[in-house]
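Visitor: got a sequence here, can you model it:
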Amino acid sequence: MAALAILGAMSPAEAKAAWIKSNWASGTFVYADLCTLPESGTRVGQRIILRRSPNGDALSYEGADKSEPLAAASMTVDDATKAITFAVQTEAGPLRFQGIAAPDTLTGTLEDEAGAHSVHLPRVLRSHAHEACPGETTGSIGRRR
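Guide: Residues are numbered from 1 along each chain as shown. You can find the predicted model right below:
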């Protein structure tokens, strides 16, 4: 309640900025486009989960072909610019990402053994990996290999 009283005493612009900052400072942010291709039943896409806490940040990556999420071995998050970089070690080799986390999307470049790929993942409340893929894709869905 005290936080609401403080936000109420601010101008609308100040309150919005304070709310955005406090929401970015901690919480769980899920960016994903996991889904199932209706024609083949193949699961495609990926999911990135960023957990922010005053005790430290953690990030996990899950590709459609992986059975379990992989914890990022190294990652950076810039609070001012919302820039994110991370690396995970997969069975096929290292996977690196660099990009920007907006309130509704995570965009950037993912680099793996197949090369660099543009990524545009929507922020979701929960991933819908077993639902059919929509007619249009977000840029990362598809067979790369």
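
Visitor: what's the helix or strand where Thr109 lies packed up against?
Guide: Applying DSSP states H and E as the criterion places Thr109 in strand 105-112. Judged by 3 or more C-beta pairs under 8 Å, 6 or more residues apart in numbering; DSSP states H and E, the packing partners of strand 105-112 are strand 83-90, strand 93-101, strand 115-124. (Glycine included, C-beta is placed from N, CA and C.)

Visitor: okay, those strands in TSV with mean neighbour count next?
Guide: Listed next are the helices and strands packed on strand 105-112 as TSV, based on neighbours: other C-beta atoms under 10 Å:
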stretch	mean neighbour count
strand 83-90	18
strand 93-101	17
strand 115-124	15
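
Visitor: now do the same contact list for the residue positioned nearest the centre of the chain.
Guide: For the chain, the residue nearest the mean C-alpha position is Tyr31 (3.3 Å; C-alpha atoms, centre = their mean). Residues near Tyr31 by C-beta atoms under 8 Å, 6 or more residues apart in numbering: Arg47, Ile48, Ile49, Leu50, Ala101, Thr105, Leu106, Leu121, Pro122, Arg123, Val124.

Visitor: let's go with 6 Å and repeat that
Guide: Going by C-beta atoms under 6 Å, 6 or more residues apart in numbering, Tyr31 touches Ile48, Leu106, Leu121, Arg123.

Visitor: for stretch 50-70, buried residues please.
Guide: Buried positions in stretch 50-70, judged by neighbour count with 16 or more other C-beta atoms under 10 Å: Leu50, Arg52, Asp57, Leu59, Ser60, Tyr61, Glu62, Gly63, Ala64, Leu70.

Visitor: ok now it, how far from the chain's centre?
Guide: The chain centroid and the centroid of stretch 50-70 are separated by 9 Å under C-alpha atoms, centre = their mean, to the nearest Å.

Visitor: now do the residue nearest to the centre of the chain against Ala83, distance only.
Guide: As judged by C-beta to C-beta, to the nearest Å, Tyr31 and Ala83 stand 14 Å apart.

Visitor: follow-up on the earlier one: now the helices and strands packed on strand 105-112 in JSON lines, with distance to Ser74?
Guide: Converted to JSON lines, the helices and strands packed on strand 105-112 look like this (distance: least, C-beta to C-beta, whole Å):
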{"stretch": "strand 83-90", "distance to Ser74": "5"}
{"stretch": "strand 93-101", "distance to Ser74": "9"}
{"stretch": "strand 115-124", "distance to Ser74": "18"}
